[in-house]
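>>> sequence below, structure please.
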Amino acid sequence: MTGITLVTEPCCDSCGRAKEVLHYLSAEFELTVTEITLASDEGRRLATEHAIRTVPGLLLDGVLFSCGEVDEGRLRMTLASIRPIGGGVPALPPADQRR
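The predicted structure is shown next:
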């Protein structure tokens, strides 16, 4: 299962669209989505730690994927590349283990 953290602000149109994209993709991929507002202590910490300058900030398993408008196609391809296959084995080995 892929953990997604979405850093948002109220009244953010791009944040609303990102939530819609994640809703659609959750039908295709096993996702755990956590929304954190930038106004919270945790949101400010994540923004500082990951240099999130614009919302939404989207993290995949704790790694910054994007800031601003979410590219659904790019996100779908990334999720497909890390989706576990039979027995929880990743579809691709980590880059440092490829030959």
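
>>> what's the single longest helix in this structure?
helix 13-25 (DSSP state H).

>>> in it, what counts as buried?
For helix 13-25, burial by neighbour count (16 or more other CB atoms under 10 Å) applies to 14-15, 18-19, 21-22, 25. Heads up, the C-betas are built off the backbone N, CA and C, glycines and all.

>>> reformat the residues you listed as CSV; add distance to Ser40 and pLDDT.
Formatted as CSV, those follow (distance: CB to CB, whole Å; pLDDT from 0 to 100):
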residue, distance to Ser40, pLDDT
Ser14, 19, 97
Cys15, 14, 97
Ala18, 17, 97
Lys19, 17, 96
Val21, 22, 96
Leu22, 19, 96
Leu25, 24, 94
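
>>> could the residues you listed go into JSON lines alongside distance to Thr54?
As requested, those are arranged in JSON lines below (distance: CB to CB, whole Å):
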{"residue": "Ser14", "distance to Thr54": "8"}
{"residue": "Cys15", "distance to Thr54": "10"}
{"residue": "Ala18", "distance to Thr54": "12"}
{"residue": "Lys19", "distance to Thr54": "16"}
{"residue": "Val21", "distance to Thr54": "16"}
{"residue": "Leu22", "distance to Thr54": "18"}
{"residue": "Leu25", "distance to Thr54": "21"}
